[in-house]
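Chemist: Sequence below, structure please.
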Amino acid sequence: MNSIMSAQTHQPVQHASRSWPWKTALAAAAALVVLALLVYPVLQTTPSYAFAQTIEATRSVESIHLRMTPVPFGTVGEIWAQFNENAQLVRLRMNFPDTEDGPKDVVWENEKAQIWFHAKNCVTTVREPDILQKLKADYVTFDPAKLVEQLYEKAGESGVDVQESAQPGQPIIITAYVPRVNRKDVYTVDSKSKLLLRREIYLVTDGSELLELTTEYLDYNQVDDSAFMLDAPPDVMRVDMTEGVGIEQGAMTDEEVATKVVRQFFEAMIAKDYAKASQAFSGPPERLKKSWEKTNFTRIISIGAPEPTQETRSFRVPCKIEVQVNGKTNTFVPHGPFVRQVYGRPGYWHIHGGI
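Modeler: As a prediction, this is how the structure comes out:
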């Protein structure tokens, strides 16, 4: 989840709000241009379309399905969101086609997030009580109040144009210019429902325009329960990290608790206490037993000083373990193990990503 959230800071477009997360995305076009139209009458003709119509239309939206293209490495490709009668987010799904861990699907509901790591055939459940707080910095520009505040500050350098077709049923095109950042945003609004259909962001340089990101609003009020169910295969490994996982740090330093986690894991494996080993390892006891039942861990030869690993925000704890396989004694030198805090359980540490 940390990786997912940090990846969003590289998204070209930013999406959410405080109490109206993706619902306010539907009103983004209206909020973006209202003040500019008041200050700068740039329309060639007086349109029949009023921005308040889009704002009002969003109030009836109970769910939404968005798709972004292209999808840079590590960023979200599709979003499904569902709201209650008070316009509060109750369920969320995000699809990440390509990340450092391969494809991921994230489903959030009832203060918990399930992450399906396709390539690792694993579903991990973590505690996430306020996902909007995690996403706030990246989705704030879909908050109409924030958009108007920002637009007021830069109204002198912005221009807005609205085009309505004389042919019934044709969409309304709203173009917002932001010269300070060399950007042009084009919004397509459905002329009948007044809901947003598409948003395109262009980078404008030396008279040329490059399309950077397209957001398509695919479905309104059509998202059903199946969208929030991970269709992972039956044999997928499931790890619940909301309770029972990790070693409490207490007064120990980060290096000390990282060492303790590794020591407890291998001592438990030597004793074949898979339940205790799983407390220090991000995997269920039965999976540990199945993976290592043919290997006898006999003794810990050495555990070195933990080495900070910036890429994964963890510690690599070098070690050597004596093992017996098929009656032969060998020295096992793992690539890791890597130890970090358990997501959603502050003060608890565990081995992550396997050994």
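
Chemist: Tell me how many other residues surround the nearest residue to residue 59 once chain neighbours are set aside.
Modeler: Distance criterion C-beta to C-beta, 6 or more residues apart in numbering; nearest residue to residue 59, sequence neighbours excluded, is residue 87 at 7.7 Å. All C-beta atoms are positioned from the backbone trio N, CA, C, and that covers glycine. By the criterion of other C-beta atoms under 10 Å, residue 87 has 16 neighbours.

Chemist: Kindly report the same for residue 327.
Modeler: When neighbours are counted by other C-beta under 10 Å, residue 327 registers 6.

Chemist: Next one: it relative to residue 291, how far apart?
Modeler: 20 Å (C-beta to C-beta, to the nearest Å).

Chemist: Next: residue 68.
Modeler: Distance from residue 68 to residue 291, by C-beta to C-beta: 38 Å.

Chemist: just residue 107 next, same as before
Modeler: Taken as C-beta to C-beta, the span from residue 107 to residue 291 is 27 Å.

Chemist: Likewise for residue 125?
Modeler: On the measure of C-beta to C-beta, residue 125 and residue 291 end up 20 Å apart.

Chemist: So for these two, which residue has more residues nearby?
Modeler: residue 125 (17 against 13).

Chemist: What helix or strand is that one located in?
Modeler: strand 122-127 (DSSP states H and E).

Chemist: what pLDDT, on average, does that strand get?
Modeler: Mean pLDDT, computed over strand 122-127, is 87.

Chemist: Then stretch 342-349?
Modeler: Per-region confidence: stretch 342-349 scores 87 on mean pLDDT.

Chemist: For the protein, which segments count as helices?
Modeler: Remark: helices assigned in the chain by DSSP state H are 2-7, 23-26, 28-39, 51-57, 131-139, 144-153, 254-270, 274-280, 285-292.

Chemist: mind listing what residue 183 touches?
Modeler: 177, 201-204 (C-beta atoms under 8 Å, 6 or more residues apart in numbering).

Chemist: That one and residue 279, how far apart?
Modeler: Residue 183 is 50 Å from residue 279, by C-beta to C-beta.

Chemist: same question, residue 175
Modeler: In terms of C-beta to C-beta, residue 175 sits 57 Å off from residue 279.

Chemist: Give the phi and psi angles for the residue nearest to residue 342 when sequence neighbours are not counted, as a check.
Modeler: Spatial nearest neighbour of residue 342, chain neighbours left out: residue 246 (3.9 Å); criterion: C-beta to C-beta, 6+ apart. Per-residue torsions, residue 246: phi 110, psi 160 (degrees, to the nearest 10).
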